[in-house]
Every structure is written in C-alpha cells, then in structure tokens.
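Chemist: 3D, please:
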Amino acid sequence: MRKIRSNPNMYFDYRDAKTLQRYLDNYGRIEPVSKTGLSAKQQRQLAVAVKRARHIALLPFVTK
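Modeler: Presented below is the predicted three-dimensional model:
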C-alpha cells in the first residue's frame with residue numbers, strides 16, 4: 001500500500017467496511033502509521049472503527 005496523504009477532516013465509520021479494508025493487510029492487521037500516512041488521532045479513530053466492525057462481523061478478525 002502506498003502512503004496516502006491524510007485529510008484532516010477524514011472520519012472513519014465502522015459501517016463502511018470497504019474503506020476500512022484499505023487500511024488492513026493480507027492477514028487482517030491494521031497497517032502502521034508509516035504506511036497509512038495518517039495522523040495519530042486518525043490512526044486511533046481507524047483502530048476503533050476496525051475493532052467495532054470486527055465485533056459486529058463486518059470485517060474478519062484474521063484471514064487465512
């Protein structure tokens with residue numbers, strides 16, 4: 001994944017699984033800040049959104 005320029009008004013919604021999948025690797029792990037290019041606040045929001053989406057089964061916890 002190439003580094004994406006962060007938008008300061010970007011908001012992550014846990015119901016938008018297609019957008020959240022862009023920030024996951026092949027194993028279902030959240031990509032680090034060095035690859036996503038997000039700010040620390042946005043990275044935390046991303047993590048919370050991914051965890052919520054996993055909890056209600058919109059995203060898998062792991063992929064095989």
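
Chemist: contacts and neighbour counts: CA atoms only from here.
Modeler: Noted.

Chemist: show me which helix runs longest in the chain.
Modeler: helix 40-55 (DSSP state H).

Chemist: please report the distance of N9 from H55.
Modeler: Using C-alpha to C-alpha, to the nearest Å, we find N9 at a distance of 25 Å from H55.

Chemist: read off the pLDDT value for I4.
Modeler: For I4, the pLDDT comes out at 60.

Chemist: can you pull out the helices in this structure?
Modeler: 17-21, 33-36, 40-55.

Chemist: now these in CSV, please, with extra columns for mean neighbour count, distance to Y27 and mean pLDDT.
Modeler: Formatted as CSV, these follow (neighbours: other C-alpha atoms under 10 Å; distance: least, C-alpha to C-alpha, whole Å; pLDDT from 0 to 100):
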stretch, mean neighbour count, distance to Y27, mean pLDDT
helix 17-21, 15, 11, 95
helix 33-36, 14, 15, 92
helix 40-55, 17, 14, 96
